[in-house]
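[1] based on what follows, work out the 3D shape:
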Amino acid sequence: MDLFDDNSSERANLPRNMIENSMFEEEPDVVDLAKDSTTFPTFSPLDPDEVAYEPRSSRLLVRGLGENDLDDEEEDCESSARLLGMSFMNRSSAQRSSSSPYARQSPPSSCFRPSARTMVVCLLVLVIVVSMTMVLCFLPGCTFTKAGCPKPTQGDDDKDVFPWTQFRLPHSIHPLSYELTLTPDLDNMTFAGRTAISMTVLHNTKRIVLHAANLNISKATFKLGDGPARDVTVLEHKTRQQIAVKFEEELKTNQRCVLTLDYSANLSNTYDGFYNSSYTDKDGKKRVLAATQFEPLSARKAFPCFDEPNFKSTFLIKINRKPDYMSLSNMPKAKTTNLSKGLVQDEFEKTDVNMTTYLVAFIVADFTSISKNLSGINVSVYSVPEKKEYTEYALETASKLLDFYNNFFEIKYPLKKLDLVAIPDFLAGAMENWGLITFRETTLLVGKESSPLDKQIVASVIAHELAHQWFGNLVTMSWWNDLWLNEGFATYMQYMSLETVLPDLDIGNLFLDMRFRAMDKDALNSSHAVSTEVNTPEQVEEMFDSVSYEKGASILLMLNAFLPGDQQFRKGIINYLTLYRESNTETVNLWNSLTQFTTQPQNISKMMSSWTSQKGFPLVTVSRKGDQVTLSQEPFLLTSDNTAHSSSLWNIPVTYVSDSCSLTLECRQVFTLESKTGTLNVSESVKWLKFNYRSTGFYIVDYGEKGWEALIGALSSNVSVLTPEDRASLIHDIFALSRLGRVSFHQVINLLQYMSSETEASPVTEALLQLNNIYRLLDKRQEFNLVARMTAYIKRNFGSLMKSQTWEEKQSVSEQKMRSALLLTACNLKEDNCTQQAKATFRQYVDSNGTFRIPGDLQTVVFTVAAQSDEDWSTLFGLYTNAIYDAEKRKMLQGLASTRDAHHVAWILKESLKGKLIQTQEFPLIIRTVCQNFAGYLFAWDFIQVNWDRLIEKFPLGSYAIQSIIKSATSQFSTQAHLDQVQTFFSSLKERGSQMRSVQEALETIRLNQRWMDENLPTLKQWL
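    Alright, predicted model coming up:
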């Protein structure tokens, strides 16, 4: 089968996505699970080896993925360099299909005229089909499923009709406790379970509706009060992943009842629910394990439950396992009992806190651990046995952070133990399961000799997940529309805590860069409010983005910086945690708690609601006449939206410094801009003003022509006149304003002239990031003359900094960050000194047989350069296959994916989706890396289109992984041809992805790239 055929009817049939929303159906699909207890069919993913993969972009791309090597004659006929120039962007539109710029033309088909007899027969068949359809549709006594197929009713009482039509569950029943017993079979990758749910009736009802997905329920019993247990029929609505039990008599308010369900299922082969994972041990033997990932909507895939955040309850969990495995869950193990058939049962203590279903976790594996006791809490770090030596840093960091949070929040961590577990196959960075936090190996395991940058990553993730034990676990948002209450707070606390606990990690620069990237996304019209309506599973998944995380953290930073002193914010959040402990909240509850402890005249709830209830952020424009400075605000929207321009206002705590005092906190002045415009007075002797001190506010500032000139002049005279954060924010803002069309690119270049004097990491890395973005756009547009000139410009302005970098170990995180950015840029631009040193370093590394170590911040640079050679690419892959330390292994993978060789690009895309030699969890990273170079980005986009159905089997629709894949593959397109193709492809997906916010973001980004190129190419040609 050729999956490149645009005719979708000829593609392989794949199962309906189980998270499809069906809340608008007239009649639901209903299955009586008591009558049909056979196992639901499972769909094995396509084996990539069976798929004929033939990209459509150019002859090079077709050849690059062939099974057989090219012969010498063919290789000599057309060089790769020549073929790389054959971008579809320069082809005539007559050579393309109307639906796809890439599509190959089909040969013309011959036509024939049907006979009169044939036409009569066809007409009769059509009449018969239409007649039967009308009879079925109007036949009384039938109900119809979504597909239109009739089902006989079971009498007048409609007992088999599903009793609920909403995406969210009814609130007439509330669970009090769960008793879960699970028996995973790691030989056959299945599990059996029994779930007993004790419930209370909140309102009179004749139904119990809860969640279950892909579970084969074989038996269900119901017990009301002290009465006997009786068998009940369970109905299922597959598309909404709901099950229900209906009753003839009403359940009465305050009654207690127990629903017990026996079931079986397959262990998931994706990254959610109760899923299987594996790794290869030191002896080359494959080892299997089972772990869970339930957030946001996957607890229902492991046990029937009320799988929404505000259905909190307690849990008692039992795991039946083979003796050569161990098991973990949220609570400490209470006892182990021998069972028949060679199994043992681990029973864990009942949770002593009420918690939501997505925080439940259990693992069956053969891990080892190290532990320490911290004030009565047993803190442990688990890993596969081969990686135990990499767990010490995580244990020490977790212990320090746990102690910090206990004191800062004045609420002690409520459980008896805290486990941190490194899972070999894990899609997210980490998951905050209460008492059993799960991590990727790269975000938990780090060696003693690892670079400070690697330690910064591990510490940041641990700090984030530990903060969740209070924000998210102890106090949980009521619904996913307020996810930021979990994620925004945890993100803010990770930076705040590490500045105190581990100041050497220089976490402030990481937080600054994160705020800039959050603004870049929030400037799009396709963005969303921090707190926004969520009505489908895809929308729930899409809430896990930079708006909920980074923007949420940024507005908390802005609020904390605005409040006087350092205790008002802290007292407010302590009040919030205490008041809503083990409960659910909404955004207004947080603002009200903070308002009670502030001495500011402003109403905190009113002020902060302007930041959470509307999308985007403000552009503050400054104009000055003598001693009077006028500030005006408007939405910073890269795509025009007249409605937003006329209605959006923010309550902005504007901060500023001047040439008389600019570096210390005492220099900062505050002005609250609540209306469209505001006026403040300064001395006429003030030469310049810098607003948004240290970039703690979530807004961009335009100083006008004279204001920019004054700031540029000040930096040219003395680079240290502003803090590094303020210098970086000027660079970020002026590039953003250029993209908006408010300042000329000539003005951008004027500001960057001071960069030869810059010595700090944050301004250098921000400038390089912005320039590299433009470089890649020009490269993808095949503006080779401009690419060469841009290369010369970067080398000229950053060359002295690049040449001053050494290749030995550095201990400063900021120095490592700057060196990594400078040398990666230099080597990508083929600066001779850089590439030669990188090659020599790689050769020394290979020849040393493991005794020579490349500094952690230089590994990506060295491996990327090595991967450009066929011989060294093969050597690097051998090193990758045998590497144990995951942070280094991931950088090797980045190097491998950076290759410009067509065969290697094709192979690595295929293998990463296959998941055997390269873990599929790394597919988003590979796509992001492949798309950086011209040879790879056309491959990647073709590959995604062909394999879309397989991708959404692995990664849920709307998930961060899917968001990342779409952004990486499309964010460098800037032509109408690309825009048309992206729009056509995603429109064709319909319920398989067409409505995702990330699709709208991709289309908007392409249009913006196209506009920027059209407006600035003449200026670039003149300037360069």
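[2] quick one, what contacts the residue lying closest to residue 506 once chain neighbours are set aside?
    Leaving aside its sequence neighbours, residue 506 sits nearest to residue 813 (C-beta to C-beta, 6 or more residues apart in numbering; 4.0 Å). To be clear about C-beta, it is placed using only N, CA and C from the backbone, and glycine gets the same treatment. Taking C-beta atoms under 8 Å, 6 or more residues apart in numbering, we find residue 813 in contact with 452-453, 456, 504-506, 509.
[3] phi, psi of residue 783?
    Backbone geometry at residue 783, expressed as degrees, to the nearest 10, gives phi -90, psi 70.
[4] residue 184 versus that one, what's the distance?
    Here residue 783 is placed at a distance of 56 Å from residue 184 (C-beta to C-beta, to the nearest Å).
[5] what does residue 620 give?
    Separation of residue 620 from residue 184 (C-beta to C-beta): 56 Å.
[6] which one's more surrounded, the two?
    Ranked by neighbour count (other C-beta atoms under 10 Å), residue 620 and residue 184 place residue 184 first, with 26 against 23.
[7] can you give me the buried ones in the longest helix along the chain?
    Scanning the chain for the longest helix, with DSSP state H as the assignment, gives helix 997-1023. Residues 997-1010, 1012-1013, 1016, 1020, 1023 are the ones in helix 997-1023 that count as buried (16 or more other C-beta atoms under 10 Å).
[8] residues in contact with residue 539?
    480, 958, 997.
[9] rerun that using 10 Å as the cut-off
    Taking C-beta atoms under 10 Å, 6 or more residues apart in numbering, we find residue 539 in contact with 21, 167, 480-481, 528, 532-533, 957-958, 995-997.
[10] doesn't it belong to a helix?
    Yes. Counting by DSSP: H, G, I helix; E, B strand; the rest coil, residue 539 falls inside a helix.
[11] okay, it: pLDDT?
    Residue 539 carries a pLDDT value of 95.
[12] how close does it sit to residue 967?
    Taking C-beta to C-beta, one finds residue 539 at 18 Å from residue 967.
[13] and what of residue 873?
    When distance is defined by C-beta to C-beta, residue 873 is 27 Å away from residue 967.
[14] which of those two has more residues huddled nearby?
    Each of residue 873 and residue 967 has its neighbours counted (other C-beta under 10 Å); residue 873 has more, 21 against 18.
[15] would you map the strands across the stretch 551-700 of the chain?
    583-585, 618-625, 628-635, 652-658, 669-673, 677-681, 689-691, 700-702 (DSSP state E, counting those that start in this stretch).
[16] now the last one: average pLDDT?
    Translated: strand 700-702. Mean pLDDT, strand 700-702: 98.
[17] that strand: what's the following helix or strand?
    helix 704-717 (DSSP states H and E).
[18] tell me what the next helix-or-strand element following that following helix is packed against?
    Later in the chain than helix 704-717, the nearest helix or strand by DSSP H and E is helix 724-740. Applying 3 or more C-beta pairs under 10 Å, 6 or more residues apart in numbering; DSSP states H and E, one finds that helix 724-740 makes contact with helix 507-522, strand 618-625, strand 689-691, strand 700-702, helix 704-717, helix 745-752, helix 761-780, helix 997-1023.
[19] chain center to the last one, what's the gap?
    Going back to what we said before, that points to helix 997-1023. Relative to the mean C-alpha coordinate of its chain, helix 997-1023 is positioned 24 Å out (C-alpha atoms, centre = their mean, to the nearest Å).
[20] summarise which helices and strands it is packed against.
    If you count contacts as 3+ C-beta pairs under 10 Å, 6+ apart, helix 997-1023 packs onto helix 507-522, helix 537-542, helix 724-740, helix 745-752, helix 761-780, helix 784-803, helix 960-970, helix 976-989.
[21] out of these, which comes closest to residue 431?
    Nearest to residue 431 among the helices and strands packed on helix 997-1023 is helix 960-970 (12.5 Å), distances taken as C-beta to C-beta.
[22] restricting to C-alpha, output that closest one in PDB.
    Taking C-alpha atoms only, helix 960-970 is exported to PDB below (Å, rounded to 0.1, in the frame of the first residue of the first chain):
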ATOM      1  CA  TYR A 960       2.000  18.900  24.000                       C
ATOM      2  CA  ALA A 961       3.800  16.400  21.800                       C
ATOM      3  CA  ILE A 962       1.400  17.000  18.900                       C
ATOM      4  CA  GLN A 963       1.600  20.700  19.500                       C
ATOM      5  CA  SER A 964       5.400  20.600  19.300                       C
ATOM      6  CA  ILE A 965       5.400  18.400  16.200                       C
ATOM      7  CA  ILE A 966       3.100  20.700  14.300                       C
ATOM      8  CA  LYS A 967       5.000  23.800  15.300                       C
ATOM      9  CA  SER A 968       8.400  22.400  14.400                       C
ATOM     10  CA  ALA A 969       7.300  21.200  11.000                       C
ATOM     11  CA  THR A 970       5.500  24.400   9.900                       C
END
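[23] which positions in stretch 177-192 come out as buried?
    Buried-residue list, stretch 177-192, by 16+ other C-beta under 10 Å: 177-186, 189-192.
[24] same check on stretch 285-297?
    For stretch 285-297, a neighbour-count test (16+ other C-beta under 10 Å) marks 287-297 as buried.
[25] one more: stretch 344-361?
    345-349, 351, 353-361.
[26] got any ranges where the protein has weak pLDDT?
    Scanning the chain for pLDDT under 70 picks out 1-159, 641-646, 1024.
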